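**Q** With the input below, show me the fold.
(one chain, ligands or ions: 2)
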Amino acid sequence: MREHRMPGEVIRLAEDVIRLDGDVIRLDGVTKTYQAGALPAVAEVSMSVTAREVVAIMGPSGSGKSTLLNLIAGLDRPTTGMVTVAGRRIDRLSESALARFRARHVGIIFQFFNLLDDLTVEDNVLLPAQLAGASRRQARARAVELLARMGIERYRNEYPARMSGGQRQRVAIARALVNSPDLLLADEPTGALDTATGREIGKLLRQLNRDGQTLVLVTHDQALAQQYAARTVQLVDGQLVSSGAQVPA
Ligand code: ADP
Ligand code: MG
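**A** Ligands and ions are numbered 1, 2, ... in the order given. Alright, predicted model coming up:
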């Protein structure tokens, strides 16, 4: 399918798909206000993330990091502004269209893993694939492959509650990748882990990025950002105070 293209060239595909070649995320003047009269949680943020990039979003507690990530993930909609992810304008999609968008294009991991404790590890990982229409057989094959890649294949029939934090986060990463998302988002993925385990998860994320996965990482952890992200974006009171500062790898 891919032909010779100039960087930045706008390609029109089927349906409503517009691909800004190279940009996986583009935010234009994005503001999110939760309550009328309150200060915006995210204020007039414009930024973009290129395919295969890894960007860290940093900032104090309450500065709007999770809000920004949720807007990119399609978990929430902005009050004003434009959000384009994987070639789609998602800021005005309906709830059901957003759910379909997320299933196909975005994987997300959280500080507290958000696994389903009643399901085995394997079922946690294959569920989003089945929801996206894969057969159980296809979904299981993909789940096993990812669990092996995360180094936890032997836990496939375990329940998450019996596993350590680091193991649970590996399950969550496998689940986030099961539909081969254009974009992996991580909200404080090491926030509930000890330093050594956090470093292991950081290495895993970096390896995924080296293998081509676009990654946006929200973190409090300066060391994690510096070691694993090529670019750090700072939020203060919902505003972007710096973007594009290159941190030595
Ligand atoms: P961070 O992730 O940087 O700690 P958040 O994005 O969670 O920041 O929060 C930014 C601001 O928005 C905070 O003032 C927070 O209290 C507020 N906020 C976050 N989520 C909601 C919500 N669902 N309803 C109302 N206010 C919220
Ligand atoms: Mg947060």
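
**Q** avg pLDDT for the helix ranked longest in the chain?
**A** Secondary structure of the chain per DSSP state H: the longest helix is helix 195-210. Taken as a whole, helix 195-210 has a mean pLDDT of 94.

**Q** In it, which residues are buried?
**A** Under the neighbour-count criterion of 16 or more other C-beta atoms under 10 Å, helix 195-210 has 197, 198, 199, 200, 201, 202, 204, 205, 206, 208, 209 buried. The C-beta positions use only the backbone N, C-alpha and C, and glycine is treated the same way.

**Q** From residue 241, how far out is the residue nearest the centre of the chain?
**A** By C-alpha atoms, centre = their mean, the chain has its centre lying nearest to residue 185, at 1.3 Å. Distance from residue 185 to residue 241, counting by C-beta to C-beta, to the nearest Å: 21 Å.

**Q** Burial check on the residue of the chain found nearest ligand 2, number of neighbours?
**A** Residue nearest to ligand 2 within the chain (C-beta to the ion): residue 66, separated by 3.2 Å. Residue 66 has 21 neighbours, counted by other C-beta atoms under 10 Å.

**Q** which SS class is it?
**A** Look at residue 66: counting by DSSP: H, G, I helix; E, B strand; the rest coil, its state is helix.

**Q** Any figure for the gap between it and residue 41?
**A** As judged by C-beta to C-beta, residue 66 and residue 41 stand 9 Å apart.

**Q** Residue 174 touches residue 153, doesn't it?
**A** No: Residue 174 is not in contact with residue 153 according to C-beta atoms under 8 Å; the separation is 9.8 Å.

**Q** Now do the shared contacts for those two.
**A** residue 147 (C-beta atoms under 8 Å, 6 or more residues apart in numbering).

**Q** So which of the two has more stuff around it?
**A** Remark: of residue 174 and residue 153, residue 174 carries more neighbours, 28 against 16, as counted by other C-beta under 10 Å.

**Q** tell me the contacts of that one?
**A** Contact analysis of residue 174 by C-beta under 8 Å, 6+ apart lists 125, 143, 146, 147, 149, 150, 152.

**Q** Quick check: which element contains it?
**A** Using DSSP states H and E, residue 174 sits in helix 165-177.

**Q** go on, residue 100?
**A** helix 95-105.

**Q** contacting residues around stretch 159-171?
**A** By C-beta under 8 Å, 6+ apart, the surrounding residues in contact with stretch 159-171 are 109, 113, 115-121, 124-125, 147, 150-152, 155, 189-190, 192-194, 197, 200-201, 204.
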